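> Generate coordinates for the sequence data below:
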Amino acid sequence: MKVLGIYGSPREKGNTDLMLDAFLEGAASAGGLIQRVYVRDLRFGGCVECGGCDATGECIQDDDLVQVYPMLDEASHLVVASPIFFYGVTGQLKLLVDRSQAPYMRRDLMKKQGEDPMLQSRRRGFLLSAGATKGKRLFECAIMTVKYFFDALCVHYVGEICYRAVEAKGAIREVPAALEECFRAGRVFLETSS
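Here you go, the predicted model:
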């Protein structure tokens, strides 16, 4: 099983990077073949609403996402990690989500031909997040964004691990058993798919 980890933070080795590292270690221990995408290292822009993907389901922009689209298509399991910026995912990750218009249109074209690939999909997705505040609704927008991102990719959202009051770089290490929980969740993520 191919597991794609999408690192959505602009901060290298920050809290959500550490969470995703632990999660992917757990998935690898259950036999997953791990791939990683660091959104911060990619050079690409947002969707320009040109309509170029409407008839083909393929984005016409020629940038670093040309390499990422096949990874999104081929992974049986996707896990996205993002800190919370103003009650949502990071801007860099949101650009990637917006560029999922092309796979969304591909799915839409198939539905118009009488086949919804989501109905046959066994692909699964998970979210990891951390935010500085303790707000009751801190993760709601991020969860909703990732759910719709996965929906465009025909990936079933199966859950999340989110931590409040985590801000300083590496502070997740001070949250009791947080990284162990991420490791276990990564393992279960694959084991329950077998």
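> what about this protein, any weak spots by pLDDT?
Counting by pLDDT under 70, the ranges of the chain that qualify are 194.
> what do you get if the cut-off is 90, keeping everything else the same?
116, 118-119, 191-194 (pLDDT under 90).
> In it, mark out all the helices, start to finish.
Assigned by DSSP state H, the helices in the chain fall at 15-29, 65-74, 91-98, 101-112, 117-120, 140-152, 178-191.
> Who are the packing partners of the longest one?
Meaning helix 15-29. For helix 15-29, the elements it packs on are strand 2-7, strand 33-38, strand 77-83, strand 124-130, strand 156-163, helix 178-191, judged by 3 or more Cβ pairs under 8 Å, 6 or more residues apart in numbering; DSSP states H and E. C-betas here are computed from N, CA, C, even on glycine.
> Make TSV out of those and add mean neighbour count.
Listed next are the helices and strands packed on helix 15-29 as TSV, based on neighbours: other Cβ atoms under 10 Å:
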stretch	mean neighbour count
strand 2-7	24
strand 33-38	16
strand 77-83	27
strand 124-130	26
strand 156-163	17
helix 178-191	20
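> Take those and lay them out in JSON lines including distance to Gln67.
Formatted as JSON lines, the helices and strands packed on helix 15-29 follow (distance: least, Cβ to Cβ, whole Å):
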{"stretch": "strand 2-7", "distance to Gln67": "12"}
{"stretch": "strand 33-38", "distance to Gln67": "9"}
{"stretch": "strand 77-83", "distance to Gln67": "16"}
{"stretch": "strand 124-130", "distance to Gln67": "20"}
{"stretch": "strand 156-163", "distance to Gln67": "25"}
{"stretch": "helix 178-191", "distance to Gln67": "24"}
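> nearest to Phe139, of the ones you listed?
In terms of Cβ to Cβ, the element of the helices and strands packed on helix 15-29 nearest to Phe139 is strand 156-163, at 4.5 Å.
> who's in contact with the closest one?
The contact list for strand 156-163, computed with Cβ atoms under 8 Å, 6 or more residues apart in numbering, reads 15, 19, 23, 121-131, 138-139, 142-143, 146-147, 150-151, 172, 175, 178, 181-182, 185, 189.
> ok so, going back, got the helices of the chain as CSV, with distance to Val3 columns?
Shown next, in CSV, are the helices of the chain (distance: least, Cβ to Cβ, whole Å):
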stretch, distance to Val3
helix 15-29, 5
helix 65-74, 11
helix 91-98, 17
helix 101-112, 18
helix 117-120, 20
helix 140-152, 14
helix 178-191, 7
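> deepest of those helices, which one?
Among those, helix 15-29 has the highest mean neighbour count (mean count of other Cβ atoms under 10 Å), at a mean of 23.
> Also compute the angle for it relative to helix 91-98, please.
Angle of helix 15-29 versus helix 91-98, following axes from the mean of the first three to the mean of the last three Cα atoms, to 10 degrees, is 50 degrees.
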